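K.L.:
how would this look folded up:
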Amino acid sequence: MNDADGMTLLVLLPEKVLLRRPVQKVVADGQSGSFGLLPRHVDFAEVLVPGILSFVPMGVGDEVFVAVDDGLLVKCGRMVRVSVRNAVIGPELGALEQTVRDRFQQIDDREQTIRTALAKLESEVIRRFIDL
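P.N.:
All right, here's what the predicted structure looks like:
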């Protein structure tokens, strides 16, 4: 393989494969700081921090952005695997920012609903325990 063959970027979420695409470059933020990967880069693993992962698709010069949550990136050969809990793809940063805000608001709303249900469940368990 030569550099013209690029790499394959695979972004995995717990419930689905978000992205599988041939790329020529990947840039991400890890615990050790920002880093970039090219096809001939040595095999590499890094814990990702919440931030923006960007990549340049093969044959197209326009950079694509992916907002990612905590996760793990592993480059092995020409395969770059990214496993994160949440991620959102956006063609440009402005639109991606609004999409991320909307998505986080939905997650916050769901978490609040779950917390309320758990609080009700806990109070019911305590009430029944006291009744014994």
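K.L.:
helices along the chain, start to end?
P.N.:
Using DSSP state H, the helices of the chain run over residues 93-131.
K.L.:
residues in contact with stretch 43-54?
P.N.:
The set of residues external to stretch 43-54 that reach it, using Cβ atoms under 8 Å, 6 or more residues apart in numbering, is 11, 26-32, 35, 37, 63-77, 82, 84, 87, 93, 96. For glycine as for every other residue, the C-beta is placed from the backbone atoms N, C-alpha and C.
K.L.:
for stretch 88-96, same thing?
P.N.:
Outside stretch 88-96, the residues that touch it by Cβ under 8 Å, 6+ apart are 18-19, 52, 62, 64-67, 99-100, 103.
K.L.:
taking those, tell me the two that lie furthest apart.
P.N.:
Farthest-apart pair in these is D62 and R103; separation 22.8 Å (Cβ to Cβ).
K.L.:
neighbour count for those two, which is higher?
P.N.:
Set D62 next to R103 and count neighbours by other Cβ atoms under 10 Å: R103 wins out with 14 against 8.
K.L.:
OK, contacts around the spatially most central residue of the chain?
P.N.:
In the chain, the residue lying closest to the centroid (Cα atoms, centre = their mean) is V68, at 3.1 Å. Listed by Cβ under 8 Å, 6+ apart, the contact partners of V68 are 11, 28, 48, 50-53, 82, 84, 86-87.
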